[in-house]
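Student: fold the stuff below for me.
(chains A and B)
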2 protein chains.
Amino acid sequence: VTESLKGAGAPQAAWIDGHDAASVSVIDRGLHYGDGLFETLACPAGRPRLLARHLERLRSGCERLSIECPAPRLLREEIAHLNRSRAPCVMKLMVTRGALTARAYRPSGREKATRILLRYPWPSYDPELARAGVCVRTASVRLGENRSLAGLKHLNRLEQVLAAASLGEFAEALMYSSSGALIGGTMSNVFVVAGGKLLTPQLDRCGVEGVMRATVLELAAGEGIDTEVRPLTAEDLAAASGMFLTNALIGLRPVRSLDERAFAVGDMIAHLQQRLEVHLSAAGEGA
Amino acid sequence: VTESLKGAGAPQAAWIDGHDAASVSVIDRGLHYGDGLFETLACPAGRPRLLARHLERLRSGCERLSIECPAPRLLREEIAHLNRSRAPCVMKLMVTRGALTARAYRPSGREKATRILLRYPWPSYDPELARAGVCVRTASVRLGENRSLAGLKHLNRLEQVLAAASLGEFAEALMYSSSGALIGGTMSNVFVVAGGKLLTPQLDRCGVEGVMRATVLELAAGEGIDTEVRPLTAEDLAAASGMFLTNALIGLRPVRSLDERAFAVGDMIAHLQQRLEVHLSAAGEGA
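Tutor: Residues are numbered from 1 along each chain as shown, chains lettered A, B, ... in the order given. Now for the predicted structure:
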């Protein structure tokens, strides 16, 4: 079935509700309203990394949106089945509220969630990017603030699409909220090093609570690094001596420049990166 | 094909890119990111009302999002074809940026827009609602502010889904922005009458620029009514003597109560409603 999906954006395999399928119902609420959530699973050695964290975030997100979350066991089975060859890959898991039961925003409560699982080849990252860091710009598009949606990896991503559209040669664009708080990249969380502390934005008004962000925060605490999660502003950035990005695929990636400004990859960042690599290698085997 | 769509939320007919189809590609950016726009076309007498306005808003929205808009002539043909029996109906037209050309927010510019057209039966509205008005509540969910998306009828509608989820017995919920401005209902624009003036919120930070809102603003100006489009607050609401909602389907609907507070349907509202009915009857024939 998935042979009908072609081009660079096409997955190697697609499952919908447990069946090989290349298309979703035209009345799915994911399409109509972005009424759903997603997870991006890194499987660099064939098994999904941090899977328990991903499934827990999905469960928590479904609870906040009152979407009936598919059973974790079912999701684990389907994830394993879709990559039974154990090839390095990326999987995208989407869960929507399901098909419209009436032509209305208002959910009836009778919807049956749709689960969509796509497998893509593992991207070949340049190892130099992980060592020397990436060049990042500031996005002009800002993020709207909504406490009901803050932290969720939901399917309303037009703000990220617009910010990413002006990336140019940059690897990532940093986004501020409408009220002027630094939030993160279009597809990553951001950390800054300032005054010997590790800082990352509080995400109670917008932004996505990344699984790699949570992992790095735990590792940093375990290493005795002084860590603060709080609202960050452009002034905090101005005082920063270092910066890095995290997401499920790249792990931890240092930032070598933000707009015109250069950053060095200091000892704290290099140390955390090395510790994270060890942690993820172990997690990759154990999932 | 559309026989496979069942239930109360199922359309009578569905066309995708000019073909009878019940499903869209699992890699459509509309599903992944809400990367697209929509129009809701009222066809109470079998022909779409205000079609030129709808198509112009769609064109303008596509331009702002850099989506290649399907030709208006093609859309008109498909709309006419999908309701060739001329039955009273509602049509929903969605245009997404198209299938992913890479697993990324960033558009490649090589996407080919997807056009989706659904036909639903015309809803049987209680005429008493149009005369005596509807009961409305204030939503606790607020709207995020984003100037890049303000005014657009885009597919990122989770905020409306969450607000509509707590409608209870109310016909509509009024939403404020994160910075405290009154914006509109989950599926309607709002007007208030205060001090002999007609006021409606400025929508440069969030909200949808409704085609019925624009029509009512023009009619009011033609009737010599003093009209202001500006940021409105809870204080403006407190000073209001009347209120009504507009959208493409209901036209103009008076509000009889907001939360605990009752409103009368004053002369200005009754007059505008009558003028709008005449105008829409004419538009319904001429489209």
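Student: tell me the contacts of the closest residue to chain B within the stretch 1-150 of chain A?
Tutor: Among the residues of the stretch 1-150 of chain A, A:Gly144 lies closest to chain B, at 2.1 Å counting by CB to the nearest CB. To be clear about C-beta, it is placed using only N, CA and C from the backbone, and glycine gets the same treatment. Listed by CB atoms under 8 Å, 6 or more residues apart in numbering or on different chains, the contact set of A:Gly144 reads A:159, A:177-178, A:206, B:143-146, B:149, B:178, B:206.
Student: using the three-state scheme, assign the closest residue to A:Gly61 other than its chain neighbours.
Tutor: Nearest residue to A:Gly61, sequence neighbours excluded (CB to CB, 6 or more residues apart in numbering or on different chains): A:Leu37, at 4.4 Å. Under DSSP: H, G, I helix; E, B strand; the rest coil, A:Leu37 falls in the strand class.
Student: you'd agree A:Leu37 is up against A:Asn156?
Tutor: No - at 10.3 Å, A:Leu37 does not count as touching A:Asn156 under the criterion of CB atoms under 8 Å.
Student: how close does the closest residue to A:Gly210 other than its chain neighbours sit to A:Arg213?
Tutor: Among residues not flanking A:Gly210 along the chain, A:Asn189 sits closest, at 4.4 Å (CB to CB, 6+ apart). Remark: distance between A:Asn189 and A:Arg213 (CB to CB, to the nearest Å) = 4 Å.
Student: mutual contacts of these two, please.
Tutor: Going by CB under 8 Å, 6+ apart, residues that sit against A:Asn189 and also against A:Arg213 are A:200, A:246.
Student: helix, strand or coil for A:Arg213?
Tutor: Three-state call for A:Arg213 (three-state DSSP): helix.
Student: contact partners for it?
Tutor: Going by CB under 8 Å, 6+ apart, the list of residues near A:Arg213 reads A:189, A:191, A:200, A:246.
Student: next one, pLDDT for it please.
Tutor: pLDDT recorded at A:Arg213 is 98.
Student: quick one: it from A:Thr246, how far?
Tutor: Distance from A:Arg213 to A:Thr246, by CB to CB: 5 Å.
Student: which residues do those two both contact?
Tutor: Residues touching both A:Arg213 and A:Thr246 (CB under 8 Å, 6+ apart) are A:189, A:191.
Student: is it true that the residue nearest to A:Gly210 touches A:Ala214?
Tutor: No - contact criterion CB under 8 Å: A:Asn189 and A:Ala214 do not qualify, at 9.2 Å.
Student: do you know the pLDDT at the residue of the stretch 1-150 of chain A closest to chain B?
Tutor: 98.
Student: ditto for A:Ser281
Tutor: 89.
Student: and it, what is it in contact with?
Tutor: A:Ser281 neighbours (CB under 8 Å, 6+ apart): none.
Student: near A:Leu93, how many other residues are there?
Tutor: Residue neighbour count, defined by other CB atoms under 10 Å in any protein chain shown, stands at 23 for A:Leu93.
Student: ditto for A:Val278
Tutor: For A:Val278, the neighbour count with other CB under 10 Å is 10.
Student: next one, pLDDT for it please.
Tutor: If you check A:Val278, the pLDDT there is 95.
Student: tell me which stretches of the stretch 1-150 of chain A form helices.
Tutor: A:29-33, A:51-65, A:72-82, A:127-132 (DSSP state H, counting those that start in this stretch).
Student: same question for the stretch 151-287 of chain A.
Tutor: Here the stretch 151-287 of chain A has its helices, by DSSP H, counting those that start in this stretch, at A:158-165, A:211-222, A:234-238, A:267-286.
Student: please save the CA atoms from the second one in CSV.
Tutor: What follows is the C-alpha trace of helix A:211-222 in CSV, where atoms were taken according to Å, rounded to 0.1, in the frame of the first residue of the first chain:
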residue,chain,number,x,y,z
VAL,A,211,11.7,14.2,26.1
MET,A,212,15.4,15.0,25.4
ARG,A,213,15.1,18.2,27.4
ALA,A,214,13.8,16.2,30.4
THR,A,215,16.6,13.7,30.0
VAL,A,216,19.3,16.4,29.9
LEU,A,217,17.7,18.1,33.0
GLU,A,218,17.9,14.9,34.9
LEU,A,219,21.5,14.1,33.8
ALA,A,220,22.6,17.7,34.7
ALA,A,221,21.1,17.3,38.2
GLY,A,222,22.9,14.0,38.6
